[in-house]
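**Student:** have a look; sequence and predicted model below, questions after that.
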Amino acid sequence: MRILLDVILMLLNLYWWVVIIMIIMSWLFAFNVINGANQFVATIWRIVNGLTEPVLRPIRRIMPNLSGIDISPLVLFIGIYVVQRIITDYIYPYTF
């Protein structure tokens, strides 16, 4: 059971980094630092966006519009942190 919890924690940590990559790439697109027409960049963006958008879309529907500021990744980070803390503090110590 602990191995399963360890895998879940690693996947949550990996997803944390995927969201950070998505945030950085969106900023780089917004400031025209990277070109979306580049095939390599476009492929990475499709992969990252495909992994994050299904989770962020419901959060964006619930969150109010803050005049162009998207705080849905912040809400997702808080959610990931809460799940990680629940696993490490309440579930992990009581499994053998």
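**Tutor:** Looks like it came in fine.

**Student:** what kind of secondary structure is the residue positioned nearest the centre of the chain in?
**Tutor:** Computing the C-alpha centroid of the chain and ranking residues by CA atoms, centre = their mean puts residue 19 first, at 3.2 Å. Here residue 19 is helix, with the state taken from DSSP: H, G, I helix; E, B strand; the rest coil.

**Student:** pull the contacting residues for it.
**Tutor:** If you count contacts by CB atoms under 8 Å, 6 or more residues apart in numbering, residue 19 has them with 52, 73, 76-77. All C-beta spots, glycine's among them, are computed from the backbone N, C-alpha and C.

**Student:** apply 10 Å and report the result again.
**Tutor:** Contacts for residue 19 were tallied using CB atoms under 10 Å, 6 or more residues apart in numbering; they are 48, 51-52, 55-56, 72-74, 76-77, 80.

**Student:** turn those residues into JSON lines, including neighbour count and distance to residue 86.
**Tutor:** Shown next, in JSON lines, are those (neighbours: other CB atoms under 10 Å; distance: CB to CB, whole Å):
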{"residue": "48", "neighbour count": "19", "distance to residue 86": "26"}
{"residue": "51", "neighbour count": "16", "distance to residue 86": "23"}
{"residue": "52", "neighbour count": "20", "distance to residue 86": "22"}
{"residue": "55", "neighbour count": "16", "distance to residue 86": "18"}
{"residue": "56", "neighbour count": "19", "distance to residue 86": "21"}
{"residue": "72", "neighbour count": "18", "distance to residue 86": "21"}
{"residue": "73", "neighbour count": "18", "distance to residue 86": "20"}
{"residue": "74", "neighbour count": "14", "distance to residue 86": "19"}
{"residue": "76", "neighbour count": "17", "distance to residue 86": "16"}
{"residue": "77", "neighbour count": "15", "distance to residue 86": "15"}
{"residue": "80", "neighbour count": "16", "distance to residue 86": "11"}
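
**Student:** closest one of those residues to residue 37?
**Tutor:** Closest approach to residue 37 among the contacts of residue 19 (CB to CB): residue 48, at 16.9 Å.

**Student:** that concludes my questions; thank you for your assistance.
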